[in-house]
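1. This is the structure alone, sequence omitted:
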């Protein structure tokens with residue numbers, strides 16, 4: 001059995017959200033077992049079943065039980081406990097944010113047909129790239145189990161990535177990403193509780209992107225809420241986003257490659273869509 005398991009979340013797959021986010025936490029099976037034990041202890045102490053960040057953060061009038069009945073003191077206490085469990089048990093965390101409007105402005109049909117059909121597929125592929133770097137840096141070559149939320153709007157797109165990568169070069173794919181045909185699962189977050197942690201991570205990246213990065217607030221001027229700092233400023237996390245100029249550059253270079261070589265880059269070489277940390281700037 002694979003020693004490392006990656007629990008992954010999507011955020012922003014619905015049409016009304018301006019950013020698509022792919023996020024995951026990775027740890028060993030042993031640490032995930034400890035995670036579940038710790039999580040269940042808090043769940044029983046504080047009186048909730050499944051932790052969904054959007055319901056937790058909703059206004060009381062939305063009626064999401066039991067969170068709508070909690071005061072801010074209890075909410076802060078529960079969140080601190082859950083964030084502490086996550087930060088203690090994970091080995092690494094990765095998240096990629098892709099603003100949808102500039103992606104749609106610069107993407108072309110051949111790219112969508114041949115490599116990434118939409119924002120979230122692009123975000124997943126970018127996340128796999130940073131995972132591959134982490135694996136290489138730590139000389140990890142064994143398969144990993146990837147677990148996603150069952151019933152996600154992006155489930156069919158995720159499955160297609162696994163199928164297409166396996167067809168290209170199964171040995172290379174296995175070594176680089178730890179991907180295998182049987183190494184992907186879609187599960188219920190009520191039963192696979194680390195998916196609830198990935199949900200928190202994805203929600204916080206989505207919220208942070210919309211409230212600060214996309215409106216051009218520089219890092220020095222951001223006054224992040226304590227819950228954001230607990231989640232996103234952990235030393236074991238790598239979070240990146242594609243800005244407008246970067247997206248334009250990626251698609252432009254893909255077109256130039258076709259002109260010079262007669263084929264698209266993803267047809268010829270391992271195509272890397274690296275997301276870079278950059279200065280905050282308006283992306284529209």
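-> The structure has been received and is ready for your questions. Fair warning: this is a prediction, and the values are worked out from it, not measured in the lab.
2. got the contact list for residue 87?
-> 230, 234, 236 (CB atoms under 8 Å, 6 or more residues apart in numbering). Bear in mind the C-beta positions are built from the backbone N, C-alpha and C, glycine included.
3. 7 Å - rerun?
-> By CB atoms under 7 Å, 6 or more residues apart in numbering, residue 87 lies in contact with residue 234.
4. Now do it, the pLDDT please.
-> Per-residue pLDDT puts residue 87 at 95.
5. Sort out which residues of the strand or helix carrying residue 102 are buried, please.
-> Per DSSP states H and E: residue 102 is located in helix 100-106. Within helix 100-106, the residues that count as buried by 16 or more other CB atoms under 10 Å are 100, 102, 103.
6. now what about the helix or strand that it is followed by, what contacts it?
-> Once the chain leaves helix 100-106, the next helix or strand it forms, by DSSP H and E, is helix 109-114. Contacts to helix 109-114, defined as CB under 7 Å, 6+ apart, come from residues 251, 254, 264, 266, 267.
7. for the lengthiest strand in the chain, packing partners?
-> The longest strand of the chain (DSSP state E) is strand 19-28. For strand 19-28, the packing partners by 3 or more CB pairs under 7 Å, 6 or more residues apart in numbering; DSSP states H and E come out as strand 4-11, strand 92-99, helix 119-137, helix 194-211.
8. With mean pLDDT and distance to residue 37 added, can I get these in CSV?
-> Below are these laid out as CSV (pLDDT from 0 to 100; distance: least, CB to CB, whole Å):
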stretch, mean pLDDT, distance to residue 37
strand 4-11, 92, 16
strand 92-99, 91, 20
helix 119-137, 88, 26
helix 194-211, 91, 12
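9. Of these, which is nearest residue 42?
-> Among the helices and strands packed on strand 19-28, helix 194-211 comes nearest to residue 42, with 11.0 Å by CB to CB.
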